[in-house]
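Peer 1: next comes the sequence, and after it the predicted model I'd like to discuss.
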Amino acid sequence: MNIEMKYLATLFALTVLFSCDSKDPEGFRVEGQLTGADSGWVYLKKLDLKNNETIVVDSTQISRETFTFEGPLNAPYMHTLQYGKERLPVFLHRGTLKIDGEVGSFAEASRLGGKEDSLFKYMGIDAIFAQGTGLQIVSDHPDNAFAAFTAFYYFQIYTPEMKTIDSLMEEFSPEVKASEYYTALEGLTEELRNVQLGLPAPAFKLPTFEFEGDSLGVEDFQGQFLLIDFWASWCGPCRAQNPLWVEQYKNTEVLNVEFLGVSLDTDAATWAKGIESDGLTWPQVSDLLGWKCPVAKTYGIHAIPQNILVDPDGIIVAKDILPEELGNTIGAHSKVAQ
């Protein structure tokens, strides 16, 4: 799947940095210089891996163009510093991270800190999600929590073979295995293990959009191919891709395929508006639980859009295909050539 279709697409500068001594070895400390900021607040945020929601960890008021954060930290973790609309992603660690930036270019601020943030800034976000490169980061840096972070998101997009995932997981150091990213990665790995190519698609039932009180699931479409499309009305990349799927849906009878939209919306009205606005005429289901949807967890879905192609026998045969790949993919997996 194209990287532009994923939510973490942000550009970072590439600079190699070196570690400095910690004032608090049991926690973190951020010492920031923000030239041009005489007042205002800086917010420290992070993404909760359990519910995919952003959490405000702390906030501090700028004084004489400087700001400071400090607190406990069990293991390195990706955070974001925000001043107004400007954001600076940093990989916090136990110790001191020094930041020197200017208003208007906060995202390009220089940073001097530990090995995790140094590696993160050196590699850049594009490398993390580049096919092959992200896997190389995981393989080359088993002593870095940054590698577990990379694996957690990379595996969601490309889903390597389980033997590759298991081998990489074994190589992580004890320190990395104590991180939240490794714990999340373990959970993701078990989810992915159940939806590998060649396995039966897990059964589910979700309420339908069209008929109140009715429900649909993968077992309702046996005898034909089924494209399970995970999306949401609030997902920009999903909405951008929908017109392409609408075009492909015209060929469903010829290809012996049906679509099933599984929405991660939380509001029925916005879900309905998205369906109507995009002209989605195929069956739609949702429990309106957003990222807490059990079906998303069962299928290892932590980023959207994503899709699963199931054959007439209920077997998973492809993942994350592009709209223009639908016909050829179905043809390659059909018992009778199309």
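Peer 2: Looks like it came in fine.
Peer 1: break this structure down into its domains, please.
Peer 2: Domain segmentation of the chain under automatic domain parsing yields 20-113, 206-333.
Peer 1: make JSON lines from those domains and add mean neighbour count to it.
Peer 2: Placement of C-beta: from N, CA and C, glycine included. Output for these, formatted as JSON lines (neighbours: other Cβ atoms under 10 Å):
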{"stretch": "domain 20-113", "mean neighbour count": "16"}
{"stretch": "domain 206-333", "mean neighbour count": "18"}
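Peer 1: redo those domains as a markdown table? Include distance to Phe120.
Peer 2: Formatted as a markdown table, the domains of the chain follow (distance: least, Cβ to Cβ, whole Å):
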| stretch | distance to Phe120 |
| --- | --- |
| domain 20-113 | 4 |
| domain 206-333 | 19 |
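Peer 1: would you turn those into TSV with distance to Leu119 and mean pLDDT?
Peer 2: Formatted as TSV, the domains of the chain follow (distance: least, Cβ to Cβ, whole Å; pLDDT from 0 to 100):
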stretch	distance to Leu119	mean pLDDT
domain 20-113	8	90
domain 206-333	22	94
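Peer 1: so which of these is nearest His141?
Peer 2: domain 20-113 (12.0 Å; Cβ to Cβ).
Peer 1: nearest to Thr189, out of the domains of the chain?
Peer 2: So among those, domain 206-333 is nearest, using Cβ to Cβ, at 8.9 Å.
Peer 1: hmm, Glu186 and Phe172 touching each other?
Peer 2: No - counting by Cβ atoms under 8 Å, Phe172 stays clear of Glu186, with 10.3 Å between them.
Peer 1: give me the more crowded residue out of those two.
Peer 2: Phe172 (23 against 14; other Cβ atoms under 10 Å).
Peer 1: quick check on that one: phi, psi?
Peer 2: phi -60, psi 140 (degrees, to the nearest 10).
Peer 1: nearest residue to it other than its sequence neighbours?
Peer 2: Of all residues beyond its chain neighbours, the one nearest Phe172 is Pro142 (5.0 Å), with distances taken as Cβ to Cβ, 6 or more residues apart in numbering.
Peer 1: for Ile308, see how far away the one you found is.
Peer 2: 30 Å (Cβ to Cβ, to the nearest Å).
Peer 1: what do you get for Ala184?
Peer 2: Ala184 is 21 Å from Ile308, by Cβ to Cβ.
Peer 1: go on, Ala201?
Peer 2: Distance from Ala201 to Ile308, by Cβ to Cβ: 7 Å.
Peer 1: mind listing the shared neighbours of the two?
Peer 2: Both Ala201 and Ile308 are in contact with Val195, Ile228, Ile316, where contact means Cβ atoms under 8 Å, 6 or more residues apart in numbering.
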